[in-house]
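Student: let's see this in three dimensions:
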Amino acid sequence: MNKKLISLLAATSTAFFLTACGTSPTRIDATGNDGLVTVDGVDFKDWQIAAEKGINSLLESGVLNRTDGRKTIMMISTIKNSTTQHINTRILTDKIRQALLRSGKALTTTAVGGNGPDDAASKQVRRLEEDDMFNQSTVQKRGTAIAPDMSLSGEIVQQTSKQGRMRESYFFFHMAVTDLATGLAVWEDNVEIAKQGKQPLMGW
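Tutor: Below you'll find the model as predicted:
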């Protein structure tokens, strides 16, 4: 095999390799580009963006403000996953819960939740009233747990589109707070994240 043919084959292989490789996915309209970005999934930075924008909107709305000097008690209800991916929505609710506590405007209850209590201990310890092993003066009494004033719920929706080798996913994070006394939504907001990337000609 002569040198010209070898050079031609090498150049052709290089060109094919460069053409076959897609570009790295990029996040659209997001601040920063930290961490791995996937087009079809919700990544670390997406959770961060959704939680930060959602909690800022909630705190600025003023619905958590009270005039009786008591902090609002928030129950974390369900965040419905309506995407094509297996998503642990607990990542979002935990970030919001922690931000609420840091704000000083609300407390969250772990004794009740949309999918059951996060911590069943509040109910379990009250059963110790029936156990003579325990000093009854130290047992938490029934009727002392504080019920929530409001609940946080939401839904994550995904829409995908494709044109040639370009793929795009649009994630819609809807969040709402309900006044449990009236059943009325007192706050709602959406966080929208769109991501796109170019698929390689050949799979890895």
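
Student: all helices of the protein, in order?
Tutor: Along the chain, counting by DSSP state H, helices occupy 3-20, 44-61, 90-103, 121-124.

Student: which stretch in those has the least confidence?
Tutor: The minimum mean pLDDT among the helices of the chain belongs to helix 3-20 (a mean of 52).

Student: what about the residue most central in space within the chain, distance to residue 175?
Tutor: Centroid-nearest residue in the chain, with C-alpha atoms, centre = their mean: residue 92, separated by 2.6 Å. Distance check for residue 92 against residue 175: by C-beta to C-beta, to the nearest Å, it reads 8 Å. Where you see a C-beta, it was placed from the backbone N, CA and C, and this is true even at glycine.

Student: now swap in residue 127 and tell me
Tutor: In terms of C-beta to C-beta, residue 127 sits 35 Å off from residue 175.

Student: what do you get for residue 158?
Tutor: Counting by C-beta to C-beta, the gap from residue 158 to residue 175 is 16 Å.

Student: please say which of those two ends up with more neighbours.
Tutor: Legend: neighbour count by other C-beta atoms under 10 Å for residue 158 and residue 175, higher for residue 175 (25 against 18).

Student: can you tell me the closest non-neighbouring residue to that one?
Tutor: For residue 175, ignoring the flanking residues on the chain, the nearest one in space by C-beta to C-beta, 6 or more residues apart in numbering is residue 154 at 4.0 Å.

Student: which strand residues bridge the one you found?
Tutor: Per DSSP bridges, the residues bridged to residue 154 are residue 79, residue 175.

Student: re the thing from before, what do residue 92 and residue 175 both touch?
Tutor: Between them, residue 92 and residue 175 share these contacting residues under C-beta atoms under 8 Å, 6 or more residues apart in numbering: 54, 79, 154.
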